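**Student:** Here is my input; please provide its structure:
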Amino acid sequence: MPRYICKFPVDGTDYYLEWSSIVDAPVTYGMTLDEFRCYYQEEYGNQGMKGLDERLQRVDEIGHSDRICREPIREWIKGNRAGKGEKEATYDEIIDTFIRSRM
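**Tutor:** Just a heads-up that it's a prediction; the model follows:
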């Protein structure tokens, strides 16, 4: 099952995280683009880096790297299990939990 890259703008800075389709929630905390590139290199190696720019282009366009669904990120995350007890978390709750809590 794939992992998607998602972008969440917070206070003028874009934060990137990986989202798992298995758990339907983020599996990393938000990172700046430079931090995310370093993480991605370490996690997936040189071979994995080959498709990263194409994926990031989709992320910049719609907020996530899903090739099939073109809904904006706020719609795309609906029905997630990122909240407490695997309940659905709102867009703002995801930002608070996976980005602001780490700032």
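**Student:** how about the nearest residue to F8, chain neighbours excluded?
**Tutor:** For F8, ignoring the flanking residues on the chain, the nearest one in space by CB to CB, 6 or more residues apart in numbering is Y15 at 5.1 Å. Placement of C-beta: from N, CA and C, glycine included.
**Student:** ok so that neighbour is a helix residue?
**Tutor:** No: under DSSP: H, G, I helix; E, B strand; the rest coil, Y15 falls outside any helix and is assigned strand.
**Student:** contacting residues around it?
**Tutor:** Neighbouring residues of Y15 by CB atoms under 8 Å, 6 or more residues apart in numbering: K7, F8, P9, G30, M31, T32, I99.
**Student:** what comes up buried for the longest helix that the chain contains?
**Tutor:** Identified as the longest helix of the chain according to DSSP state H is helix 33-49. Of the residues in helix 33-49, F36, R37, Y39, Y40 count as buried by neighbour count, 16 or more other CB atoms under 10 Å.
**Student:** mind putting the residues you listed in JSON lines, pLDDT and distance to M49 included?
**Tutor:** Output for the buried residues of helix 33-49, formatted as JSON lines (pLDDT from 0 to 100; distance: CB to CB, whole Å):
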{"residue": "F36", "pLDDT": "98", "distance to M49": "12"}
{"residue": "R37", "pLDDT": "98", "distance to M49": "8"}
{"residue": "Y39", "pLDDT": "98", "distance to M49": "11"}
{"residue": "Y40", "pLDDT": "97", "distance to M49": "7"}
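**Student:** Out of these, which comes closest to V23?
**Tutor:** Set against V23, the nearest of the buried residues of helix 33-49 by CB to CB is Y39 (18.0 Å).
**Student:** measure that closest one to R3 for me?
**Tutor:** Distance of Y39 to R3, given as CB to CB, to the nearest Å: 12 Å.
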